[in-house]
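> Next comes the sequence, and after it the predicted model I'd like to discuss.
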Amino acid sequence: MIQAADRFRDLVRARPWRRRRRAILVTAAVVMALLVVALVAAVTLPVLSVRQVQVEGLGYVQESAVDEAVEPFRGDSVLLLGTGAVESAVEEVPGVATAEVHRSWPDGMSITVTERTAIASVTQQDGATVLLDAEGTELPEGAGEGASPVPLTVAADAADPDGAQAAMIDVLAQMPGSLRTGMTGMTASSPSDVSFTLELEDGGTKTIVWGDAADADLKAEVVRALLAEPGSEIDVSSPVAPVTR
């Protein structure tokens, strides 16, 4: 009887805590429901829908092209705006290297664009001239404004014309500015026989046999050291054993 009475008292004492716990759970559920309702309301508020788009960093890339790329995101909630997806869409625009997107409260986003730089031009078989950046990406015609792209020529008998062009792009991308600014043209028939014409300060020219894209810094240093030597050609395809002719 004593044990039964003790258990009864324990049960009676536990009931207030159970009631408090039930009240806490109900309150928490109500608060969560209210938060969900508030979030849904905020997301659907017209005042938080993307309407304003500010674009910075444009030069030759047309703003209309960027606007077209971000059009699918207009009307989305600024709260849920996928900035990474917007950046990827803008980076698909020809001429755009990178894009950085930020929310602009309450109803917009700002986009900072970095454009690709034209370093070379290639005349295709149909006669059209194409501008290329350091990655070999084709650029819009406007990319040539204010730039000095080096004309590239792939030899007609090249067994691997794509490889030859890629090698020339690699050479240009690694070339010190002091040499690149004097280039008047670059040719290759394979990835290992790149050569270019260099215009000298006295008005003359020299042909530089560069070889492949390896050892760019050493080759550039040797070329600069041999520019004053007699001859019309400098061969640095093997930079440790250069030849002047």
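Great, that's in hand.
> going forward, measure contacts and count neighbours with C-alpha atoms only.
Will do.
> Helices of the protein, start to end?
2-44, 63-70, 83-90, 161-174, 177-180, 216-226 (DSSP state H).
> Lowest mean pLDDT across those helices, which one is that?
Mean pLDDT is lowest for helix 2-44 out of these, coming in at a mean of 59.
> looking at it, T98 is touching V113, isn't it?
Yes - T98 is in contact with V113 according to CA atoms under 8 Å; the separation is 6.0 Å.
> Give me the more crowded residue out of those two.
V113 (23 against 16; other CA atoms under 10 Å).
> which ones are touching the residue nearest to T153 when sequence neighbours are not counted?
Of all residues not flanking T153 in the chain, T187 sits nearest, at 4.7 Å (CA to CA, 6 or more residues apart in numbering). Neighbour list for T187: L152, T153, V154, A155, M168, V194, S195, F196 [criterion: CA atoms under 8 Å, 6 or more residues apart in numbering].
> ok, now G182?
With the criterion set at CA under 8 Å, 6+ apart, G182 makes contact with L198, E199, L200.
> between those, which is nearest A220?
The closest of the contacts of G182 to A220 turns out to be L198 (CA to CA; 12.1 Å).
> Measure how buried that closest one is and give me the count.
Neighbours around L198, by other CA under 10 Å: 21.
> State the pLDDT value of it.
So, for L198, pLDDT stands at 94.
> How much space separates it from V113?
Taking CA to CA, to the nearest Å as the measure, L198 and V113 are separated by 34 Å.
> cool, E63 as well?
Taken as CA to CA, the span from E63 to V113 is 10 Å.
> can you list residues touching both of these two?
Contacts common to E63 and V113, judged by CA under 8 Å, 6+ apart, are V55.
> returning to that earlier point: among the contacts of G182, which ones are in strands?
L198, E199 (DSSP state E).
> Nearest to A134, out of the contacts of G182: which one, please.
The closest of the contacts of G182 to A134 turns out to be L198 (CA to CA; 19.5 Å).
> Leaving out sequence neighbours, find the closest residue to that closest one.
M183 (4.6 Å).
> now do E100
T112 (5.1 Å).
> Show the model's pLDDT score for that neighbour.
Per-residue pLDDT puts T112 at 98.
> Residues in contact with stretch 160-178: which ones?
In contact with stretch 160-178 (CA under 8 Å, 6+ apart) are residues 119-120, 133-136, 152-155, 158, 180, 186-192, 194, 212-213, 216-217, 220.
> Now restrict those residues to buried residues only.
119-120, 133-134, 136, 152-154, 180, 186-192, 194, 212-213, 216, 220 (16 or more other CA atoms under 10 Å).
> In strands, which of these fall?
Short answer: the buried ones among the contacts of stretch 160-178 in strands (DSSP E) are A120, L152, T153, V154, M186, T187, A188, V194.
> of these, closest to G59?
Using CA to CA, those come closest to G59 at A120, 18.1 Å.
> Just grab the bridge partners of that closest one for me.
Counting by DSSP bridges, A120 is bridged to L132, V150.
> Surely it is in contact with V150?
Yes - A120 is within contact range of V150, at 4.5 Å (criterion: CA under 8 Å).
> mind checking how far A158 is from D193?
For A158, the distance to D193 (CA to CA) stands at 11 Å.
> With R245 instead?
Plainly put, R245 is 17 Å away from D193 if you go by CA to CA.
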